[in-house]
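1. sequence? don't have it. structure:
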């Protein structure tokens, strides 16, 4: 038996990652401030950026400096690759192919999504839920979804935590399958410079009249960039309201507040592409459902994957905020009263989803139906 004094926390020890990140940050600061090198680290993966003509001297400088500090660098090709316009950092593939346009592309490294799909395959095919595997699957889904656009895996990961038991296991399977489907189709995340374009502003509202027998929705859009000011409103089909009442629910205002946001995103999808969007909601529970992209209400949870899918395709950056009911300019539209919208253009809401045909209302795709 040999005893020794550890000068650093070994991996696996409590706070080892935190301690390592501190050392990595110190090294990064030394390289950037003393030698003016453009460097960064992603946990234990290091990244160095340089102009084409300076890449050899920059690499030699960094290696010699680290050697002076007493750090040993693995010289294998996989651990120390050459400069390239595309490289991998801890599972994230970074590309500078569009750098001349001002964008850096981030996406999952080849094979990562397929490996997650293989891990989930026994569970998706009806196998019993294994707590250890599902926790690992949750972490991998979160990590993979962070390299694409939108929170496409949020419902799946929350469902693994809260619903993967008893009669809710099937909904968890559906959520995981949906997340894997979106991840498989995901485009790289485009990280660009700060945009000085004004955001699109959307107000939404839902209304329940006659003791909840008549449910309607409304939304107002204001785009300072194009000058467009538009309003929409419609009555929700009775069959959709009945689906929201599944399980004996009497109050459906929560669902009625979520629904118009999906309709607004679909109706104005073209305008929202790549834009920053401020969405004002006058229901606190609905707001937090969109912030988390998850709700304990199963009928609402069934709608939220559609929200992730709409954001996924539009690449819009949405921010959700609460607005008091008396200040919500979509209130009248939700009650189908459009007389006060002087200067606004009334548009027909689009209810069909991505891939839907025609103008037929397909709200049933947006809610849980037993």
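-> Received it, and whenever you're ready, just let me know what you need. Note that this is a predicted model, so its numbers are computed, not measured.
2. for residue 278, which residues count as its bridge partners?
-> residue 201, residue 319 (DSSP bridges).
3. correct me if wrong: it contacts residue 198.
-> No. Look at residue 278 against residue 198 with CB atoms under 8 Å: they stay out of range, at 9.8 Å. No exception for glycine: its C-beta is placed from N, CA and C like everyone else's.
4. ok, these two, which is more surrounded?
-> For residue 278 and residue 198, the more surrounded residue by other CB atoms under 10 Å is residue 278, and the numbers stand at 16 against 13.
5. show me the strands in the chain, by range?
-> Taking DSSP state E as the criterion, the chain carries its strands at 38-42, 45-49, 86-89, 92-95, 104-108, 189-191, 200-209, 214-223, 228-235, 276-281, 317-322, 345-346.
6. for residue 267, which of those is the nearest?
-> Across the strands of the chain, the minimum distance to residue 267, taken as CB to CB, is reached by strand 228-235, at 6.1 Å.
7. excluding its backbone neighbours, what's nearest residue 19?
-> residue 9 (4.8 Å; CB to CB, 6 or more residues apart in numbering).
8. now do the buried residues in stretch 6-23.
-> For stretch 6-23, the neighbour count (16 or more other CB atoms under 10 Å) marks residue 20 as buried.
9. thinking again about what came up before, who's in contact with the residue nearest to residue 19?
-> Listed by CB atoms under 8 Å, 6 or more residues apart in numbering, the contact partners of residue 9 are 15-16, 19-20.
10. about what we covered before: and the strands of the chain: which comes nearest residue 55?
-> strand 45-49 (8.7 Å).
11. what does stretch 206-215 rub up against?
-> Contacts for stretch 206-215 (CB under 8 Å, 6+ apart): 216-218, 235-236, 241, 250-253, 255-260, 283, 331, 334-335.
12. identify those among these that sit within helices.
-> In helices, judged by DSSP state H, the following of the contacts of stretch 206-215 are found: 241, 253, 255-260, 331, 334.
13. closest to residue 30 out of these?
-> residue 258 (49.9 Å).
14. quick check: the closest one vs residue 18, distance?
-> As defined by CB to CB, to the nearest Å, residue 258 lies at a distance of 38 Å from residue 18.
15. what of residue 328?
-> 44 Å.
16. do residue 54 as well
-> Separation of residue 54 from residue 18 (CB to CB): 34 Å.
17. is it true that residue 216 touches residue 240?
-> No. Assessed by CB under 8 Å, residue 216 is found out of contact with residue 240, at 11.5 Å.
18. list of residues touching stretch 55-64?
-> With CB under 8 Å, 6+ apart, stretch 55-64 has contacts from 31, 35, 37, 39, 48, 50, 73, 83.
19. give me the buried subset of the residues you listed.
-> The neighbour count (16+ other CB under 10 Å) marks 31, 37, 39, 48, 50 as buried among the contacts of stretch 55-64.
20. ranking the strands of the chain by mean pLDDT, which is last?
-> The minimum mean pLDDT among the strands of the chain belongs to strand 189-191 (a mean of 85).
21. low pLDDT regions in this structure?
-> Applying pLDDT under 70 to the chain flags the ranges 149-150, 163-167, 212, 247-248, 298-301, 352-370.
22. give the contact list for residue 197.
-> Residue 197 touches 225, 275-276, counting by CB under 8 Å, 6+ apart.
23. quick revisit: residue 121: which of the buried ones among the contacts of stretch 55-64 is nearest?
-> Distance ranking of the buried ones among the contacts of stretch 55-64 against residue 121, using CB to CB, places residue 48 first at 38.2 Å.
24. and that closest one, how far is that from residue 23?
-> 17 Å.
25. please, where are all the helices along the protein?
-> Counting by DSSP H, the chain has these helices, from start to end: 16-35, 55-68, 112-124, 131-145, 154-162, 169-185, 238-244, 253-267, 269-272, 284-292, 298-314, 331-334.
26. tilt between the first one and strand 38-42?
-> Using axes from the mean of the first three to the mean of the last three CA atoms, to 10 degrees, the inter-axis angle of helix 16-35 relative to strand 38-42 is 180 degrees.
27. pull the number of nearby residues for residue 234.
-> For residue 234, using other CB under 10 Å, the count is 18.
28. could you check how far it is from residue 213?
-> 16 Å.
29. wait, isn't residue 74 in contact with residue 81?
-> No. Residue 74 lies out of contact with residue 81 (CB under 8 Å); the separation is 11.2 Å.
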